[in-house]
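Visitor: let me see the structure of the following:
(4 chains, ligands or ions: 4)
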2 protein chains.
Amino acid sequence: MRPEERAQRLLQELERHGYRTTPQREAVCQALAYHGGHPSAAEIVEAVRPQGIGQATVYNTITALEKLGVIQAMPLNTDEHTRYDLDTTPHVNVVCSTCGAILDCHAPQLDLLLAQLASQVGTSFESANVVVYGRCQQCQRTQLVA
Amino acid sequence: MRPEERAQRLLQELERHGYRTTPQREAVCQALAYHGGHPSAAEIVEAVRPQGIGQATVYNTITALEKLGVIQAMPLNTDEHTRYDLDTTPHVNVVCSTCGAILDCHAPQLDLLLAQLASQVGTSFESANVVVYGRCQQCQRTQLVA
DNA sequence: TACTCTATTGAGAATCATTCTAAGTTTAGG
DNA sequence: CCTAAACTTAGAATGATTCTCAATAGAGTA
Ligand SMILES: [Mn+2]
Ligand SMILES: [Mn+2]
Ligand SMILES: [Zn+2]
Ligand SMILES: [Zn+2]
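Guide: Numbers count the residues shown, from 1 in each chain, chains lettered A, B, ... in the order given. Ligands and ions are numbered 1, 2, ... in the order given. Below you'll find the predicted structure:
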């Protein structure tokens, strides 16, 4: 999905739940969508600051989107701030413990695991947050050279 | 593994890496081991306060254990504080989004998933943090009644 | 248009988990 | 004993997030 489409989807979801569409919310949704990766609140605050948008509004919008389940909080233990995932379908987030890069991996195995777990434990799952810490290929190469 | 054993293992691991065994560290390790679930730093601070142990020491000890890889930080997005897992082997943590209970699920599927991912992405993984949010059986029943 | 009522915004203050500082205490080794 | 390094801890600092509340914008209405 293209960034512009994604931004629209975020706004639509807000509207669908009674939130007004405002220039500020539009800017926040666009910043989220155009980030491309796993944005942190601070990064979005930074991105929309030139447009004179306050941090309270950024946090409010992000929290609203999170409550609607259209984005997902993703706290990490390497980084100080929580990051957000625009992809709420279950997938593995591979976090490089050296450079912090985050790589998405959609493995069918994960869906199997969750399905099996659901039937076993007898619960319906709302969301999954799968994070694996390792070293990305680039950092692995760098380490070998050094 | 019994709590007392676990506490010993934590201390041994500290000692093995050059940390002295002190009464404070002993108390912190015991509090961690006897917690039974997934303790937060605040809970440990609380648990050892009667023994006159300061929060700085608790945080220092926990951070040391975490660096040694013998416990693992587990930030959640339901709760405000990071929790710690004494079981660092990959497993699914099922978090009840209603009551906050955390259930460990060791599913062989997960090991398969990680192995496959490692060969696919070409990285060796250091640790995994798998959290699934849902509703525990007890809260599910309560909801049905209400 | 003019008005009203509610949602929204945002600067700045407050909160709160975690980290840092710095001064005192312990201890291993000689 | 000495000494140097490790350890402890009260309290201050930090920093992400949340809250407050006065000002603003906008939708619906007359
Ligand atoms: Mn992701
Ligand atoms: Mn666990
Ligand atoms: Zn990397
Ligand atoms: Zn529950």
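
Visitor: for the residue nearest to residue A:94 when sequence neighbours are not counted, helix, strand, or coil?
Guide: Setting aside the residues directly before and after it, residue A:94 is nearest to residue A:103 in space (CB to CB, 6 or more residues apart in numbering or on different chains), at 4.3 Å. Any C-beta I mention is one placed from the backbone N, CA and C, and that applies to glycine too. Following DSSP: H, G, I helix; E, B strand; the rest coil, we place residue A:103 in the strand state.

Visitor: residues touching the closest residue to ligand 4 within chain A, list them.
Guide: In chain A, the residue that lies nearest ligand 4 is residue A:123 (9.1 Å; CB to the ion). By CB atoms under 8 Å, 6 or more residues apart in numbering or on different chains, residue A:123 lies in contact with B:94, B:134-137, B:140.

Visitor: go ahead and confirm residue A:103 touches residue A:93.
Guide: Yes - assessed by CB atoms under 8 Å, residue A:103 is found in contact with residue A:93 at 7.4 Å.

Visitor: which one's more surrounded, these two?
Guide: residue A:93 (20 against 16; other CB atoms under 10 Å in any protein chain shown).

Visitor: got the phi/psi numbers for the more buried one?
Guide: When read as degrees, to the nearest 10, the backbone of residue A:93 gives phi -100, psi 110.

Visitor: how about it, nearest residue that isn't a chain neighbour?
Guide: Nearest non-adjacent residue to residue A:93, counting by CB to CB, 6+ apart: residue A:131, 4.9 Å away.

Visitor: wait, a strand at the one you found?
Guide: Yes - using three-state DSSP, the assignment for residue A:131 is a strand.

Visitor: that one: what's it in contact with?
Guide: Neighbour list for residue A:131: A:74, A:76, A:92-93, A:95, B:128-130 [criterion: CB under 8 Å, 6+ apart].

Visitor: quick check: beta-bridge partners of the residue nearest in space to the middle of chain A?
Guide: Per CA atoms, centre = their mean, the C-alpha nearest to the average position across chain A is that of residue A:85, at 1.2 Å. Beta bridges link residue A:85 to residue A:72, judged by DSSP bridges.

Visitor: wait, it touches residue A:37, no?
Guide: No - between residue A:85 and residue A:37 there is no contact under CB under 8 Å: 9.3 Å.

Visitor: so where is chain A shaky, pLDDT-wise?
Guide: Residues of chain A meeting the criterion pLDDT under 70: A:79, A:143, A:146.

Visitor: close to DNA strand C: what parts of chain A are there?
Guide: A:18-20, A:22, A:24-25, A:52-57, A:60-61 (CB under 7 Å from any atom of the strand).

Visitor: now which of these would you call buried?
Guide: When these are checked for burial by 16 or more other CB atoms under 10 Å in any protein chain shown, the buried set is A:19, A:24-25, A:53, A:57, A:61.

Visitor: what about those residues, which are in helices?
Guide: Within these, residues falling in helices by DSSP state H are A:24-25, A:57, A:61.

Visitor: the residue nearest to the centre of chain A and ligand 1, how far apart?
Guide: Computed as CB to the ion, to the nearest Å, the residue A:85 to ligand 1 distance reads 4 Å.

Visitor: any idea how far that residue is from residue B:30?
Guide: 37 Å (CB to CB, to the nearest Å).

Visitor: again with residue A:78
Guide: 28 Å.

Visitor: cool, and residue A:6?
Guide: In this view, residue A:6 and residue B:30 are 49 Å apart by CB to CB.

Visitor: ok, now residue A:145?
Guide: Computed as CB to CB, the residue A:145 to residue B:30 distance reads 45 Å.
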